[in-house]
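Peer 1: can you look at this prediction? I've put the sequence above it.
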Amino acid sequence: MSVQPKKAANLTVRADLLEEARARKINLSQTLEVALAVELKKRRETEWLEQNKEAIEAYNREVAEHGLFSDRYRQFCR
């Protein structure tokens, strides 16, 4: 993973959460980066599924109707 440049951002946080995080010496920048990375990954996956919904459905119909291409090569299911 390459080191990306950082950029300052102003944001607001509930006072009680901020106080508790500071008391526990939680690195706010690192915590936000991790949380944003998780959320962005989740949203990209959701967007990808939506963008490819028709192709996935078509593939699933094809498999349901004709099976998988590799079915005839599987020895362990016979």
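Peer 2: Sure thing, it's come through. Numbers count the residues shown, from 1 in each chain.

Peer 1: count the residues that sit near residue 33.
Peer 2: Counted with other C-beta atoms under 10 Å, the neighbours of residue 33 add up to 13. Bear in mind the C-beta positions are built from the backbone N, C-alpha and C, glycine included.

Peer 1: repeat for the one 5 residues further on
Peer 2: If you count neighbours by other C-beta under 10 Å, residue 38 ends up with 10.

Peer 1: state the distance from it to residue 29.
Peer 2: Distance check for residue 38 against residue 29: by C-beta to C-beta, to the nearest Å, it reads 15 Å.

Peer 1: all helices of the protein, in order?
Peer 2: Using DSSP state H, the helices of the chain run over residues 15-23, 28-51, 53-66.

Peer 1: can you list the ones you listed in TSV and add distance to residue 6 and mean pLDDT?
Peer 2: Shown next, in TSV, are the helices of the chain (distance: least, C-beta to C-beta, whole Å; pLDDT from 0 to 100):
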stretch	distance to residue 6	mean pLDDT
helix 15-23	19	98
helix 28-51	8	97
helix 53-66	36	95
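
Peer 1: nearest to residue 7 among the ones you listed would be which one?
Peer 2: Put simply, out of the helices of the chain the one that sits nearest residue 7 is helix 28-51, at 10.7 Å, with distance taken as C-beta to C-beta.
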